[in-house]
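Participant: just a sequence and a predicted model for now, questions to come.
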2 protein chains.
Amino acid sequence: MMFSTKAEYGVRVMVELARRGGDQPIPLAEIAEREGLPLAYLEHLVARLRKADLIESRRGAHGGYLLARDADQITMAEVVEALEGSIAPIECISGGPDGSVVCARETDPEHVCTTKLLWTRVRFSIIRTLTETTLADLIPATRKQPAAA
Amino acid sequence: MMFSTKAEYGVRVMVELARRGGDQPIPLAEIAEREGLPLAYLEHLVARLRKADLIESRRGAHGGYLLARDADQITMAEVVEALEGSIAPIECISGGPDGSVVCARETDPEHVCTTKLLWTRVRFSIIRTLTETTLADLIPATRKQPAAA
DNA sequence: TGATACCCTACTGCGCAAGTAGGTATTCGA
DNA sequence: TCGAATACCTACTTGCGCAGTAGGGTATCA
């Protein structure tokens, strides 16, 4: 297993928010009950999603959460990264501020890290898949938009 | 982070075995020292690699380990799977004996798991990358085979 | 026969994921 | 204006698995 339940639960919350669109905020308790997940724990996760500007919140009675953008404008890479932190298949590999990939074991410029190529490839393919999939892709095609024409 | 050091260290061992080819078994202690990794811990990892028929061992003095096959006949999917166990991006997703993908949360046939599509895609892209990369791909092109002709 | 190596089982410490608990702040409806 | 409903925040707890250690046994070579 590679992603924690943070990603699993958090994605479920996002899907649920997207499934019921509209301007009405959806209380977290409803989602928790529907998905059978502990409310108190979900609160931690939505906090991350909110800080990443993926959802908005309305406090008070009749409050809740809604998507900050349209579902097709939210990539799963954003969602997963907000929940799990920077995506790296292995500890020593992480993405630099620019696009470069850094290997923690590669201190000595002489001694090139032979395994870096592998983990770079894996990382890239994960990120590509997560970026190519939007939240809208995960919503059952019940309505979503009546055929935009 | 998604893979543990088991994968990281284990891959390093495999690369090292591949880098020095030949019929001479290489003692694990040598690799441990060269890579700066704890020998006793590596012993656990090579046990997994051996059980997966990826390496062979010679006991006794002048013993050690060698690749069970040529490096270009060993995919990194085999290596990683031997070390980490079945590759699944998330706990509820796992590969069935056939090619099918099983979702543990999908007990009720009515209630389809909406997030399954995402994790299936991620899993597939990881496995494809690991399968397309062979151990030979990770060896610095110093010699490997004098231009096969 | 001793040194060298693989091989196996059991144990340990620790960090982190997963979840709990309890309080505070804000907003709505009556 | 009050109380219910909801988000929001911090601290705490628990269990598990990773990472590593320890210590023996077994095969092989010189």
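Facilitator: The structure has been received and is ready for your questions. Numbers count the residues shown, from 1 in each chain, chains lettered A, B, ... in the order given.

Participant: quick check: phi and psi at A:Val101.
Facilitator: With angles defined as degrees, to the nearest 10, A:Val101 sits at phi -110, psi 130.

Participant: correct me, but it touches A:Val122?
Facilitator: No: checked against CB atoms under 8 Å, the pair A:Val101 and A:Val122 is beyond contact range at 11.1 Å. From N, CA and C alone the C-beta is placed, and that goes for glycine too.

Participant: these two - which one has more neighbours?
Facilitator: Using other CB atoms under 10 Å in any protein chain shown as the criterion, A:Val101 and A:Val122 rank with A:Val122 on top: 25 against 16.

Participant: so where does the more buried one fall, helix or strand?
Facilitator: helix A:116-132 (DSSP states H and E).

Participant: does any part of that helix sit near chain B?
Facilitator: Yes: shown here: helix A:116-132 in contact with chain B (CB under 8 Å from any CB of the partner chain) through A:Leu117, A:Leu118, A:Arg121, A:Val122, A:Phe124, A:Ser125, A:Ile126, A:Arg128, A:Thr129, A:Leu130.

Participant: next, the angle from that helix to helix B:116-132.
Facilitator: 160 degrees (axes from the mean of the first three to the mean of the last three CA atoms, to 10 degrees).

Participant: summarise which helices and strands helix A:116-132 is packed against.
Facilitator: helix A:76-84, strand A:93-95, strand A:101-103, helix B:116-132 (3 or more CB pairs under 8 Å, 6 or more residues apart in numbering or on different chains; DSSP states H and E).

Participant: could you rerun that using 7 Å?
Facilitator: helix A:76-84, strand A:93-95, helix B:116-132 (3 or more CB pairs under 7 Å, 6 or more residues apart in numbering or on different chains; DSSP states H and E).

Participant: which one of the residues of helix A:116-132 next to chain B sits closest to B:Ile31?
Facilitator: Distance to B:Ile31, by CB to CB, is smallest for A:Leu118 among these, at 17.5 Å.

Participant: burial count for that closest one?
Facilitator: Neighbour number of A:Leu118 under other CB under 10 Å is 26.

Participant: just A:Gly60 next, same as before
Facilitator: Using other CB under 10 Å: A:Gly60 sits among 7 other residues.

Participant: picking that back up, of the helices and strands packed on helix A:116-132, which is nearest B:Arg69?
Facilitator: helix B:116-132 (15.2 Å).

Participant: any buried residues in the closest one, and which?
Facilitator: When neighbours are counted by 16 or more other CB atoms under 10 Å in any protein chain shown, the buried residues of helix B:116-132 are found to be B:Lys116, B:Leu118, B:Trp119, B:Thr120, B:Arg121, B:Val122, B:Arg123, B:Ser125, B:Ile126, B:Ile127, B:Thr129, B:Leu130.

Participant: residue of chain A closest to chain B, please.
Facilitator: At 3.6 Å from chain B, A:Met2 is the closest residue in chain A, using CB to the nearest CB.

Participant: and that residue, what pLDDT?
Facilitator: Turning to A:Met2, the model gives it a pLDDT of 89.
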